[in-house]
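J.: next one to model:
(chains A, B and C)
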Amino acid sequence: MPVRGDTLYAAILRSPHPHAEILSIDASKALARPGVAAVLTGPEVKAMTEPFIVGVKAPIDDWALAVDRVRYVGEPVAVIVAGDRYQAEDALDAIEVEYRPLPIELDPRTAARPDATLLHPACKSNIVHDRTFRYGDPESAFANAPHRIKLEVEYPRVLCAPMEGYIVVADHNAAEDSFDVIANFQGPFSVLTVVPRALRVAGNKFRLRTPPNSGGSFGSKLAIFPYMVLICIAAKKTGRPVKWVEDRLEHLAASGSGPHRITNIEAAVAKDGEILALNCDHLEEYGALLRAPMPGPLYRMHGVTTGTYGIRHLAIRNRIVLTNKAPVSLVRGFGGPQIYFALERLVQRIAVELKLEPLAVMRRNLIPANAFPYRTAAGALLDSGDFQNAIATAIDEGGLGELQHRREEARKAGRLYGIGFACASEPGVSNMGYLSTLLPLEARRKAGPKDGAIGTATVAVDGNGQVTVASDSTPQGQGHRTVLAQIVADELGLTPNDIAVNVELDTSKDAWSIAAGNYASRFAASTANAAYLAAGRIRKKLAAIAALSLGVSSESLTFKGGKICSLTDPTKTLPLYRVAGMAHWSPGSLPDDITPGLRETVQWNPRELTPPTENDEINTSLTYGFIFDFCGVEIDRITGEVRIDKYVTMHDGGRLLNPALVESQVHGALGQAFGATLYENFAYGADGNLLTSTFADYLLPTAMEIPPTQLLYQETPSPFTPLGTKGVGEGNSMTTPACIGNAVADALGIRDVPLPITPVRIAALLHGEELPPPAKFTSAPSSTTAATVERRHDSLMQRLFSKREQL
Amino acid sequence: MKPAQFDYLRAGSIEEVVSHLETYGDRARIMAGGQTLMPMLNFRLVEPELIIDITGIAPLAHIRMSGPWVEIGAAVTQSSLLDWSDLSREVPLVAAALPWVGHFQTRNRGTVCGSIAHADPSSELPLVLAVLGGAIDLASKRGTRTLKVSEFQLGMLTTARAPDELITSVRFPRAKKGEGYVFREVARRHGDFAIVSLAGMAVAGQVVLGVGGVAGSPTVRAFGTLKDAALDDALNAFAWEMGGHDDVHATARYRRDLVRMLGKQVIEEARACLS
Amino acid sequence: MPILKAGERHTVTLTLNGRPATGYAESRTLLSDFIRHELGATGTHVGCEHGVCGACTVRVDGKAVRSCLTLAVQAAGCQVETVEGLAPRGTLSILQEAFKRHHAVQCGYCTPGILMSLTHYLETNPEATEMQLREVIGGHLCRCTGYTQIVAAAVDVATRLREAARKP
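T.: Model (predicted):
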């Protein structure tokens, strides 16, 4: 990203403590270092900005950097602005901070206790949200059920870790007191409204531009917004543009992972496996702060808490607890992995306890194909599907029989082999009103209705007939430009190469809404439809102008090969560029009912996304795809390693606009899900330090860790989107952990499967009691050696940040 | 993540290196491939005054057979050694272990001696050197000396190299007829540091097993002709003596279990190589 | 050679994609920063600065190496090749063509590094097997693709090279 020649560069001093009071900060020595232009610390940030607003009714004290108190390792404490990044980092060492450490809370369960150390004393509790929901008559269903089967599951923190970190370039115009920011922010743009508020300027004095390319995000780049505030203030203070590039240590420590959820899930079950009622008690840990749009993961899936099943009686309890860990940000799947790891593991458990086949239990409870659109107990309106057919196809084409044969052979030979299944309803396009479900009815009434999800796209044709498309989807590598070009080209009888697509977004002059951005699988089911509708309007307009010129009716015209031609009279034809020229060069000759110019912006909102009802029913998303997965795994008895023999995933994502791009998304989600399930462990030590602060410790899968996969598709169009599309691309983040978990449970005959499923955890189950040391063995397991080795595995974060503290 | 400031010397000769080492001692760092040192510099975990780059010193770039030894100079990269056509014949255990060292891209720059010098208990080459009973050549202003690996490896990231010494080469004993070798490693991902690595060498029914990743440095034990329960007992004692440690990837208990179970496999496989 | 003093700017001249290139560097300047900020070749990306992710991989004297684990002053006088030099402007190398064909690129951040590694490896091992190529790609992290299509593209090129070698 090119920057002005006088741009300064920022580096951030971060907390080495999980919880401490800041007694003093002295930056005078740092200011004296070569190249240093300015230092920002808590008192200044407090003087120049407002704290961030919070999504729940709790007095959480949240500033762009630590004010008076740090609450997690890696929390920004000061910003240095210098001539280059090397100089800025040199000066970090010279900031003197005096801390008084405070007791810490890391475990969600203990942090939830009344006697826990408070993260935010004004909140009076670390539980900052507690709400129950009830649909149907779950109490009676449980009281009368022949079986009650329950499970406690945990879904740990997971990081998406895009290869490119956060980048912010900010400039301040002193004459107008306005800010101009370039950042690889991804939306949702509802979050953007908190930034000018924190900067104490009106929204129209804060301009955000997004770059043409961004190195991946998967949700992560939402959490860039506090840094926008910091870098804006740095620019205001220095009077020069300031650039900050997040490095990998900063990203791993403080960009925010997904939440850690503990779910107690229980089903009331009939003898044949029918689930009569479901009870979900969620305790979700969000770290030290609850930053917009949190607590999204807890509510995004609310309508589909019952997944793909027709369960009519439902009870939910949602609690949020804060701890001394990095604040949670968006991740791929956003709430889905947590819901489905609980629900699909429970389905497997029901099968085991009732001695039924897991597939039989699944099928017994699926919503029937003739029931769509189907309103779930919690209010989701599932648009379309044929789950039964998708499963039948997957079993057949994916070769379940072969895996079953391999399992039989392996078990005969004494090897550990298991098969797992999972299915999910994959949401696309979030209802802007879903988070308001967390408010009690009275509060919702007071605040006014929240609903809908506007998708925005612009199609423009210039005087030479050249077509340009712009959109609100801020892609980070998903291929939106390709798809937009294809949709508009199809509509106007051109080729995709004829269409120029610009997906940069400038909030000061482009069309957007609070729903803009790259999240919740909204592109195919929202933005793409807006582009389709905008192209349709252009087509209609061009047809009307051409019809006038050719003396035919516009209904009789078709668009083909860059021409507008009559379907009935081949002599009646005009090149598209001629017709476009007429619109630009002679607006006076257009009929009165045609507006001048050829630029159409469509802001499309689906009617199905209504606000929460009085009974707390909420249609959380617009479209719901279907996923069915199965896999075979073999477990090494010695090392405890889980080898995925084969993984099959079936997707019904509605109409697929570009199957190759969908396939790429599915492979990508699978890769991340294999990592989340088997390798990635976002680990804090008992002292609150992050143990996984480098890529040598936070283990992302490489090409060597990807097993053989088979992708299958079914296309059931959505009746709610003009193109029949649904959201795709997040699904395997939701199903895969449950599917592999179920396979491991099957292989080992175990009830609880901890995530990530690491060799050490499996080996602990397999190896039994350890052989005692020999009788003559006296020394304890060479304690000096162990201690020395331990030092190497101390948190790098702590060593780095502490070094600076000691100066 | 940028290094702190340092002076940099691209040394042209061993004499130049040792003369600066004499002056700077601990305040200087030798850089060969830099595949371990550079991350430490970027993290600012080390902030030397002087970096002495030895990659341009021609007399350190040799791989040669020297009597019973294969001698590898301090500027030789892991990939050059892997590409050496005589490797599998002369030091089959090195040939088996080298592909486990980092990745193709880091082997292209990382050196054999650098890995030995860093003495990470879970890295592969120090283990192989220990099992084979290799030697390390050192030079300083005071002169040169050669240490046996057992004298050189002192513990976790610690060696007998004095602050004014340069490792000029490392020597692996050349393989002889009638020897069997096995290398095994358990890591979370391919290319990662080992959780446990095992190297077995069998000569005429006698087996030596070396283990990395468990104790503070590679540990070698002779298991002779032990079999069955006696071998199990000996491996159990060996595992307990090394102890192991807990970290984010594995527990001490897991490491000991792998020593018992994989140790037995490696010993049996090494014997099988002979027959 | 003289000691290059800390805190001073030194002239570094190297050959970048076949042409001489000169810029200033401190002794501590990383080759990745030098290539991007001083020489303006921003096709090389920086992903972790501790040698794990592979995004910054370039070729120095023909070998694929991490430019974040190399000092700019070490590359003085060397032949440095980056993604910009893989093919003449407006064209693609056989490997780049394969990446395009197989949809092996999403956000493109890891891609230049992977291309440099594979280009080096396939030059020296045109008969590479899928497992060997997987290992080479295993020296890189990608978060978008799940690697499947990257492996497919690399295998495709190896197959073509093998077939081309067999033709008289």
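
J.: okay, strands next: where are they in the stretch 51-200 of chain B?
T.: For the stretch 51-200 of chain B, the strands defined by DSSP state E, counting those that start in this stretch cover B:63-66, B:69-73, B:135-140, B:143-148, B:153-155, B:158-159, B:166-173, B:179-186, B:196-203.

J.: closest to chain C out of those strands?
T.: Closest of the strands of the stretch 51-200 of chain B to chain C is strand B:179-186, at 14.0 Å (criterion: CB to the nearest CB). Glycine gets a C-beta too; all of them are placed from N, C-alpha and C.

J.: what about C:L161, how many residues nearby?
T.: By other CB atoms under 10 Å in any protein chain shown, 18 other residues sit near C:L161.

J.: any idea which element it lies in?
T.: Assigned by DSSP states H and E, C:L161 belongs to helix C:148-166.

J.: quick check: residues of the stretch 1-150 of chain B near chain C?
T.: Within the stretch 1-150 of chain B, the positions adjacent to chain C are B:1-12, B:34-35, B:38-39, B:41-43, B:49-51, B:53, B:55, B:79, B:99, B:102-106, B:108-109 by CB under 8 Å from any CB of the partner chain.

J.: list the contacts for A:T193?
T.: Listed by CB atoms under 8 Å, 6 or more residues apart in numbering or on different chains, the contact set of A:T193 reads A:G203, A:I514.

J.: near chain A, list only the ones from the residues of the stretch 1-150 of chain B next to chain C.
T.: Near chain A, by the rule CB under 8 Å from any CB, you find B:M1, B:K2, B:A4, B:Q5, B:F43 out of these.

J.: just the helices in chain C please.
T.: C:31-33, C:94-101, C:111-124, C:130-137, C:148-166 (DSSP state H).

J.: how about the ones you listed, which one is nearest A:D506?
T.: Among these, the nearest to A:D506 by CB to CB is helix C:111-124 (26.9 Å).

J.: ok, and what's touching that closest one?
T.: B:104-105, B:108, C:43-45, C:47, C:53-59, C:62-64, C:81-83, C:86, C:93, C:95-96, C:99, C:104-105, C:128, C:132-133, C:136-137, C:139-140, C:142, C:150, C:154, C:157-158, C:161.

J.: about what we covered before: reformat the helices of chain C as TSV; add mean pLDDT.
T.: Listed next are these as TSV, based on pLDDT from 0 to 100:
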stretch	mean pLDDT
helix C:31-33	98
helix C:94-101	98
helix C:111-124	98
helix C:130-137	98
helix C:148-166	95
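
J.: redo those helices as a markdown table? Include distance to A:V347.
T.: What follows is the helices of chain C, written out as a markdown table (distance: least, CB to CB, whole Å):
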| stretch | distance to A:V347 |
| --- | --- |
| helix C:31-33 | 49 |
| helix C:94-101 | 40 |
| helix C:111-124 | 39 |
| helix C:130-137 | 34 |
| helix C:148-166 | 28 |
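
J.: among those helices, which comes closest to A:T620?
T.: helix C:148-166 (31.0 Å).

J.: for residue 111, grab the count of nearby residues.
T.: No chain specified, so I'll use chain A. 23.

J.: that's the other chain; I wanted chain B
T.: Neighbours of B:T111 under the rule other CB under 10 Å: 30.

J.: hmm, back to that, now the buried members of the contacts of helix C:111-124.
T.: The neighbour-count test (16 or more other CB atoms under 10 Å in any protein chain shown) marks B:104-105, B:108, C:43-45, C:47, C:53-59, C:63-64, C:81-83, C:86, C:93, C:95-96, C:99, C:104-105, C:128, C:132-133, C:136-137, C:139-140, C:142, C:150, C:154, C:157-158, C:161 as buried among those.

J.: flag every residue of the stretch 51-200 of chain A that's near chain B.
T.: Checking the stretch 51-200 of chain A against chain B by CB under 8 Å from any CB, the hits are A:R85, A:Y86, A:E89, A:D90.

J.: which helix or strand contains B:A250?
T.: In this structure, B:A250 sits in neither a helix nor a strand according to DSSP H and E.

J.: which residues sit in contact with it?
T.: A:P759, A:V760, B:I195.

J.: any idea how many residues pack against B:P59?
T.: Using other CB under 10 Å, B:P59 has 12 other residues around it.

J.: how about the nearest residue to it, chain neighbours excluded?
T.: Of all residues beyond its chain neighbours, the one nearest B:P59 is B:I14 (6.4 Å), with distances taken as CB to CB, 6 or more residues apart in numbering or on different chains.

J.: could you find the closest non-adjacent residue to residue 129?
T.: If you meant another chain, say so; for now it's chain A. Distances taken as CB to CB, 6+ apart put A:I320 closest to A:H129, at 4.0 Å, once the chain neighbours are dropped.

J.: actually it's chain C I care about, not the one you picked
T.: C:A158 (7.7 Å).

J.: I figured the one you found hits C:V136, correct?
T.: No: applying CB atoms under 8 Å as the test, C:A158 and C:V136 come out as separate, 10.7 Å apart.

J.: count the residues that sit near the closest residue to B:V214 other than its chain neighbours.
T.: Closest residue to B:V214 apart from its sequence neighbours, by CB to CB, 6+ apart: B:M242 at 4.2 Å. Counted by other CB under 10 Å, the residues lying close to B:M242 total 26.

J.: from C:Q106, how far out is B:M242?
T.: Distance of B:M242 to C:Q106, computed by CB to CB, to the nearest Å: 45 Å.

J.: for A:T610, same thing?
T.: A:T610 is 35 Å from C:Q106, by CB to CB.

J.: and those two? Which one has more around it.
T.: More crowded of A:T610 and C:Q106, by other CB under 10 Å: C:Q106, with 26 against 17.

J.: so what does the closest residue to chain C within chain B have for phi and psi?
T.: Relative to chain C, the nearest point of chain B is B:H103 (3.2 Å; CB to the nearest CB). Phi and psi for B:H103, reported as degrees, to the nearest 10, are phi -130, psi 170.
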